[in-house]
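1. Mind looking at a prediction? Sequence and model below.
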Amino acid sequence: MDLKEAYKVAMQGEIEGRELYAAAAEKVSDAKAKKVFSNLSKEENLHFEHLQKLAQSHFEGKPVVIPQLAKIESFGDAESPIFTREFKDFVKGRHFEMATLSIGVKLELESSKFYREMAESTEDKPLKDFFRYLAEWEDGHYQALKQQIGFLQEHYELQNSLFRF
């Protein structure tokens, strides 16, 4: 994959994440989840904007200036990083929320992997460092989503009779 195609793939991934999390923020009723999903959407949009500027500079032959990204948004307590603890008691029928977590895990894992591959494929040190930073950022999202699924999964399966068979 050439660098032009890589930028397109990366930007498309950020758009997909932004839209997924924005839709989740609008639909969920849990206040903590609404805030976290909204912040995730904003972070994905920020990645998109930085990638867009980086690609434009790169392909116009201008010096590539790697943007400074803010620290990763904290996901709160370790036990339930996205939803409130009370959400666990009302997980029955919360298929949208669980699907969002599941899709988000896959999206973040693929994004992290992609950015690591991009870092390895370039010799430009600032660009390499930027892609590594994005990979770490996406890995942080992945870990929080994965941890949240682990916190909810058993209750979700029990309350939705997924163990009946």
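-> Yep, that arrived. Residues are numbered from 1 along each chain as shown.
2. Identify each buried residue in the helix ranked longest in the chain, please.
-> Longest helix in the chain, counting residues (DSSP state H): helix 125-159. For helix 125-159, the buried set under the neighbour-count rule, 16 or more other C-beta atoms under 10 Å, comprises 127-128, 130-131, 133-135, 137-149, 151-152, 155-156, 159. Where you see a C-beta, it was placed from the backbone N, CA and C, and this is true even at glycine.
3. what's the neighbour count on F96?
-> 12 (other C-beta atoms under 10 Å).
4. So that it lines up with my notes, have the first residue be 716 from now on.
-> New numbering, starting at 716: the last item is F811.
5. Now do the contacts for it.
-> Each residue near F811 by C-beta atoms under 8 Å, 6 or more residues apart in numbering is listed here: A739, K742, V743.
6. Turn those into CSV, including pLDDT.
-> CSV is the format used below for the contacts of F811 (pLDDT from 0 to 100):
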residue, pLDDT
A739, 92
K742, 93
V743, 88
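7. can you tell me which of the residues you listed lies nearest to K719?
-> A739 (31.1 Å; C-beta to C-beta).
8. does the closest one really touch E812, like I thought?
-> Yes: if you go by C-beta atoms under 8 Å, A739 and E812 touch, sitting 7.4 Å apart.
9. Quickly list what's touching both of these two.
-> Joint contacts of A739 and E812 (C-beta under 8 Å, 6+ apart) are A748.
10. Now the stretch of helix or strand E832 belongs to: average pLDDT?
-> Using DSSP states H and E, E832 sits within helix 810-836. Model confidence over helix 810-836 averages 91 on the pLDDT scale.
11. List the buried residues of it.
-> For helix 810-836, by 16+ other C-beta under 10 Å, it's 812-813, 815-816, 819-820, 822-824, 826-827, 829-831, 833-834.
12. In which helix or strand does E838 reside?
-> Applying DSSP H and E, one finds E838 in no helix or strand.
13. which stretches of the chain have low pLDDT?
-> For the chain, the stretches flagged by pLDDT under 70 are 784-796, 798, 800, 802-806, 877-880.
14. rewinding a little: I'd like to know which elements the longest helix of the chain is packed against.
-> With contacts taken as 3 or more C-beta pairs under 8 Å, 6 or more residues apart in numbering; DSSP states H and E, helix 840-874 sits against helix 746-774, helix 810-836.
15. and G732, which of these is closest to it?
-> The closest of the helices and strands packed on helix 840-874 to G732 is helix 746-774. By C-beta to C-beta, the value is 3.9 Å.
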